[in-house]
Each structure stands twice: as C-alpha cells, then as structure tokens.
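Asker: predicted model follows, preceded by the sequence.
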Amino acid sequence: MKTRILFAIFVTCLCFSLHAAKFWSNFRHSSNLATEPNQYIVQLRCSEPTGVTLEYRINNEVQTIDMLDFHEFGAFGGPLSCKATLNMNSPDLFQIGFRQQNNVAPVKYAGTQPTWDEMSAGNWDFTGDATPACLDLVDWNVSFNDDKLFIAMSNSSQSYPVNSGYTNYCYMGIITFPADTSPTPLTFALIYTIDQAGVINPGLYKINGTGLADITRIGDITYSHPEGTSILYLSCNWADLMADNLFSIWFNSFGYFKITPTTQTVTQQEGFVTVDQARNTIIYPTNEQYQFVENHPPVLNYFTYNYLWNGLEYPNEFHSHITYSDVDSDFPLSATIEFDTGESDILFYEDYNFDFPVDFVSITYFPRIYWQTASLKFWYTYNDYVEYIHSNVSNDDPIVPITSLNCTVYPNPFAKDVNIQIDNPEKGNVDISLFNIKGQIIKHIHEGMLDKGTQNYVWNASESEADNASGAYFLRISTKDKTITKKMVLVK
C-alpha cells in the first residue's frame, strides 16, 4: 500500500567527528602473533562488547567475524571486553569496521567505486512487498572513502526505470539524524530519477516537505546499474553535504547518521509517495585500520610497591605498579607478577590507549615477610615475553652470615603448596625428608651434597606419590652434626 510521507525518511549518521560517540570504544591491537615467516596474525579488542561483529576487507570482499566477549585482564575495574583474531594474507594496511544490531561502522574503501562485495551490508527488506518489481527493495550496502559516501541497493528485478507514463520513479538513499526529533527533521537524499529539466534530475537534495517545491538540489551524484545485475550504485561528495551548515553542525556534533533506502513515485498531482522502504541503519563512517609492522619488544619501567590502601597500611595487602611502553602501540596478551614464594597474580592496566605509556597494577594478598624476588612478565606474542625482576633485598642491607643449620616453612598451616627454606652453614651431605604422623616417609626432598647458603624448595601436597590427607606432617633435616624437625599442618 502506498503512503504519502515526508520526502525524507529518518536515516544515518556520520563519524568523521573526533568527538562523536560510537557503539564500540577503545579499539586496540596486539603485535603480529604469527609463529612462521610470512604469516600475519593479529588480535583486535574493543570495549562495549554486547553482540559486536568485526568487519574487514580481504581479497576484495568484506568479511565478518564475531567478537568474543571475555573478562579481560585489562582496565582495572573496567567493563567486559571483546576480541577477535584475524589471519591475514599480507602485511598491507587493512580497514576495519564494526556492527552491532542496526548500528554499522562500514569498512572504509580506498578506491573510487566499491563493488557490492567490497561494501558493508546495510540492511534488508521483505521481497515482494511492493510493486512494480523495480520499486521492490531487497537489501542494501554502504561504504565511504575520504571523498564520497557510497550506497548500493538491490531490487526484485534487474532494471531501474525512471518513469512509467506520467509517473516518475525515484530510487533514494535518505539521510537523517536520529537525534533530530523536530516536527520537520533535517533530511537529505541521494536521488536517482528522471532527468527532467527545470523539474527534477538525479542529484543530492535537501528536503523540507513532500512536494517538488520542497526540495533543493545541493550537489551531484554518480550512479550506475551494471548490466545483468539487480544493483544500483549511488554516491555523493562529502564536500557537498558538509557545505550545508545544518548538516555540518549535526554531523560534527554526533558523528553518525541514519540511512533509509526508499523508492517513491512522483506525480504533479500527489507529489512524492513512498512505495517501498528498506530497514534503516545508523552509520558511523569512522576510519579504524591496522598495519602490520616488525615486532618490537615492549619496555618496562618504574616498578614500585607498597602495603597501603587509601593511605592506611595493611601488612597482608601488596600493591604493585609498573609502566608498560610499546613503540608499536601493541597491547600485551597477558601480564603477571610472580613471587619466589610461589604466589602469582594478574596485572591490570589502567588505560586503554597504548599510544602512550600505560600503568599496570596488581593487588596481591599475602604477608609481606615471605617474598624476596618478584618477576613481572608481559607476553607480547604467544612465545615471547619481556620480564622485569625486582629483588626485595636492598644492596645496602647487611649480609648476615649463616652460623647454624636452620629451617623455615611457610605458610603454615597450608592448603596445597608449602615453601621450605634451608639455611645451611657449610657445604656437605644433607638429607631433607618428609614424614606423616605415623613416621612413614612421604617424600625425599633432597639427598646428597648441599651448598653452603640459603636453599629454597616447594612441596605440593597434591602430588601423586601419596594420598596426602589433612593433618600434621614433619620435615626432618639431617647433617653429619645436627638434625632438626619442623611440624607442618595441611588443611584441605
């Protein structure tokens, strides 16, 4: 059924504006993760992950891949993120787009006229809901470059006639701003129609009503219908749109607009009447891209730590901080802090912009007296990492000589792993054995020559050589001159 409507329909929004809101945020990338020569693999991440699909162009075709939601180690206290890993066939610069429901950031096109497959899908329409078939829209695509906005639509026939008798046909890509809720919303349209001097011809129009007198031509369009296809290509110049003061203000304020492909009939008696209208989509023409470069290891600096929280000291609450810098603006795949006591924790980053140095922090809960060395590892590929090692012993601390055999175990009681520290006053044969409460040997931790100094061991109570139940265990350290025993309590 035909209905008379405003000659424009609310449609898309552009994103050249640097201040425009987007439905994705914090786009970031890893280094090249390939393990073989001439391979190019990158992991891409962004925030605001609810159902985001990533798009990219490869082999002259726009491909899509669902981004997986995951709890990222990054952004301390930040939101859920999403990620996708791309395996590309060359290191060439490639453009990236995003999609979320009826929001699309189309993949930018570097040439002069993209084909249907080189454009991002706009939306669709029911087939057979309008007559004649040439005015029955099926689906449409969209793209852009630095100079032009591209819209392509397909119909139920392989023809796009511009009139039938005294009725003219219009094929339109209508542009509106979703935020414009005024009674007469700002509307623009790329119109392919009859070339009738003094009345109407193909072009870019600003629309203020439903009649021929309510439209103003503000620029040219290019149009083509390849023979044997059902596709009509339309494009207009950004410069013509931006030359309109109202469009420029709205575009720079919001950075997006809505596109609604529409077919209409035009007569002197009725003016413009809508015949069919495809589903509209909000468009964000933002230029996201990635270029493979030679990997450079990141740099770690400025490690600090304390046991403070909101200015108060907590002996069992360890806070660390380190600054991560990457000349290629790559994020690390993972970052951890590991202690010689066996404890470890994840490092969280406090900013998503890896164009600049980013601070990583951790909060780890264990008594401060236990650890001597901390190792901070940042994995920037699947096989490569950089490491920062910090010793908890100052160069100015006096070295206390070991004068007698001693043993320290911690934590005690313990749930799984127990750390065993042996202070050996002289090199010699030492036996370190573990017994259960019945006096049965559970494990020989060390037998034979032991160097002078401090030696560290870890016993994992879940090891397979014994069914280690909760209860008391005894560690016996024997030398030729002395034997000491330590009681340990396993709590599962």
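Answerer: Thanks, I have it. Numbers count the residues shown, from 1 in each chain.

Asker: low-confidence stretches in the protein?
Answerer: Scanning the chain for pLDDT under 70 picks out the ranges 1-21, 48-49, 71, 73-79, 210-212, 308-315, 366-370, 393-403, 463-467.

Asker: pull the longest helix from it.
Answerer: Counting residues, the longest helix in the chain under DSSP state H turns out to be helix 245-254.

Asker: give me the angle between the helix or strand following it and helix 245-254.
Answerer: Next along the chain after helix 245-254, taking DSSP states H and E as the criterion, comes strand 257-267. Inter-element angle recorded for strand 257-267 and helix 245-254: 150 degrees (by axes from the mean of the first three to the mean of the last three Cα atoms, to 10 degrees).

Asker: quick check: buried residues in strand 257-267?
Answerer: Counting neighbours by 16 or more other Cβ atoms under 10 Å, one finds that the buried residues in strand 257-267 are F257, K258, I259, T260, P261, T262, T263, Q264, T265, V266. In this view, the C-beta of every residue, glycine as well, is placed from N, C-alpha and C.

Asker: hmm, T274 and the fourth one touching each other?
Answerer: To tie it back to what came earlier, the one meant is T260. No: counting by Cβ atoms under 8 Å, T260 stays clear of T274, with 10.0 Å between them.

Asker: let's have the buried residues of strand 257-267 in JSON lines, adding distance to T364.
Answerer: Below are these laid out as JSON lines (distance: Cβ to Cβ, whole Å):
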{"residue": "F257", "distance to T364": "49"}
{"residue": "K258", "distance to T364": "49"}
{"residue": "I259", "distance to T364": "51"}
{"residue": "T260", "distance to T364": "54"}
{"residue": "P261", "distance to T364": "56"}
{"residue": "T262", "distance to T364": "60"}
{"residue": "T263", "distance to T364": "64"}
{"residue": "Q264", "distance to T364": "66"}
{"residue": "T265", "distance to T364": "71"}
{"residue": "V266", "distance to T364": "72"}
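
Asker: identify the farthest-apart pair in these.
Answerer: Greatest spatial distance in the buried residues of strand 257-267: F257 and T265, 25.3 Å, computed using Cβ to Cβ.

Asker: which secondary structure element contains A239?
Answerer: Per DSSP H and E: helix 238-242 holds A239.

Asker: need the contact partners of that helix.
Answerer: By Cβ atoms under 8 Å, 6 or more residues apart in numbering, the list of residues contacting helix 238-242 from outside reads 16, 144, 146-149, 175, 188, 204, 218-220, 247-248, 251.

Asker: now those residues: which count as buried?
Answerer: Applying 16+ other Cβ under 10 Å to the contacts of helix 238-242 flags F16, F144, K148, L149, I175, F188, L204, I218, G219, F247, F251 as buried.

Asker: show me what the second one is bridged to.
Answerer: By that I understand F144. L149 (DSSP bridges).

Asker: list the contacts of stretch 405-425.
Answerer: Contact with stretch 405-425 is made by 341-342, 366-367, 370, 402-404, 430, 432, 445, 450-462, 475, 477, 479, 481-482, 484, 486, 488-492, as judged by Cβ under 8 Å, 6+ apart.

Asker: do a quick rundown of the strands in the stretch 151-300 of the chain.
Answerer: Here the stretch 151-300 of the chain has its strands, by DSSP state E, counting those that start in this stretch, at 163-164, 167-176, 187-192, 203-207, 215-219, 221-224, 231-237, 257-267, 271-277, 281-283, 288-290, 299-306.

Asker: can you tell me what sits against the first one?
Answerer: With Cβ under 8 Å, 6+ apart as the contact definition, strand 163-164 has outside contacts at P132, Y169, I194.

Asker: now do the fourth one
Answerer: Strand 203-207 is contacted from outside by 6-8, 187-191, 214-221, 236-237, 240-241, 244, 247, using Cβ under 8 Å, 6+ apart.

Asker: return the subset of the contacts of stretch 405-425 lying in strands.
Answerer: Counting by DSSP state E, these place 430, 432, 445, 450, 453-460, 475, 477, 484, 486, 488-490 in strands.

Asker: so which of the buried ones among the contacts of helix 238-242 comes closest to R279?
Answerer: Within those, the smallest distance to R279 is 15.2 Å, found for I175 (Cβ to Cβ).

Asker: among the contacts of stretch 405-425, name the buried ones.
Answerer: Buried residues within those, counting neighbours by 16+ other Cβ under 10 Å: 341-342, 366, 370, 430, 432, 445, 450, 459, 461, 475, 477, 479, 486, 488, 490.

Asker: closest to M88 among the buried residues of strand 257-267?
Answerer: Nearest to M88, judged by Cβ to Cβ, of the buried residues of strand 257-267 is I259 at 29.1 Å.

Asker: with just CA atoms, put stretch 129-136 into CSV.
Answerer: The C-alpha coordinates for stretch 129-136 follow below in CSV (Å, rounded to 0.1, in the frame of the first residue of the first chain):
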residue,chain,number,x,y,z
ASP,A,129,6.0,-6.3,-0.6
ALA,A,130,5.9,-3.7,-3.3
THR,A,131,5.0,-3.3,-7.0
PRO,A,132,6.2,-2.9,-9.6
ALA,A,133,9.2,-5.2,-9.0
CYS,A,134,11.7,-2.4,-9.9
LEU,A,135,10.5,-0.5,-6.8
ASP,A,136,10.6,-3.6,-4.6
